[in-house]
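S.K.: Sharing a model prediction with you, sequence too.
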Amino acid sequence: MNPLGDYWLTGYSVNVKLGEIRLLAEWPYPDLPAGMPGQSEVIFQGVEAYHLIYDNLGTILGWIVERPLEQFLSQKAEEFADGFSHRGWPHFWRGSAAAAVTYLQGKRQRGI
């Protein structure tokens, strides 16, 4: 069971100095399931980059899943290469997924 499934994203904050993202989630329906909080906060620390897309002021949170870093970077390689060449994003990009994996693994980072 997804602990945040059906919760709505009601806000988020990014603290660049701390490398931290906080997601605020709220149960939007009148009947709250037993044992579930009405509000929740998810905190990511040690963030290297983020890309929050398609927020439509009513985003329903789905799954937050840790993925193997190599797989994640390979799947996003084209997007990262384009972003880096046009805007310098993400700063960890090293020209290839393999080089980025080596860099991020050296910093003990994970993919979500």
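M.R.: Alright, I've got the coordinates.
S.K.: Pull the number of nearby residues for Glu66.
M.R.: Neighbours of Glu66 under the rule other C-beta atoms under 10 Å: 9. (Each C-beta comes from the backbone N, C-alpha and C, glycine too.)
S.K.: Looking at it now. What's its pLDDT?
M.R.: pLDDT recorded at Glu66 is 83.
S.K.: List phi and psi for it.
M.R.: phi -80, psi 130 (degrees, to the nearest 10).
S.K.: wait, it sits on Phe72?
M.R.: No: contact criterion C-beta atoms under 8 Å: Glu66 and Phe72 do not qualify, at 9.3 Å.
S.K.: who touches both of these two?
M.R.: Both Glu66 and Phe72 are in contact with Gly111, where contact means C-beta atoms under 8 Å, 6 or more residues apart in numbering.
S.K.: where are the low-confidence patches of this structure?
M.R.: Residues of the chain that meet the criterion pLDDT under 70 lie in 1-2, 112.
S.K.: quick one, domains of it?
M.R.: 1-65, 67-107 (automatic domain parsing).
S.K.: for those domains, which one ends up most surrounded?
M.R.: Among the domains of the chain, the stretch with the highest mean neighbour count (mean count of other C-beta atoms under 10 Å) is domain 67-107, at a mean of 15.
S.K.: Now tell me what touches the helix or strand harbouring Asp82 from outside.
M.R.: Take DSSP states H and E as the rule and Asp82 turns out to sit in helix 77-87. If you take C-beta under 8 Å, 6+ apart as the criterion, helix 77-87 is touched by Leu73, Trp89, Pro90, Trp93, Gly95, Ser96, Ala97, Ala100.
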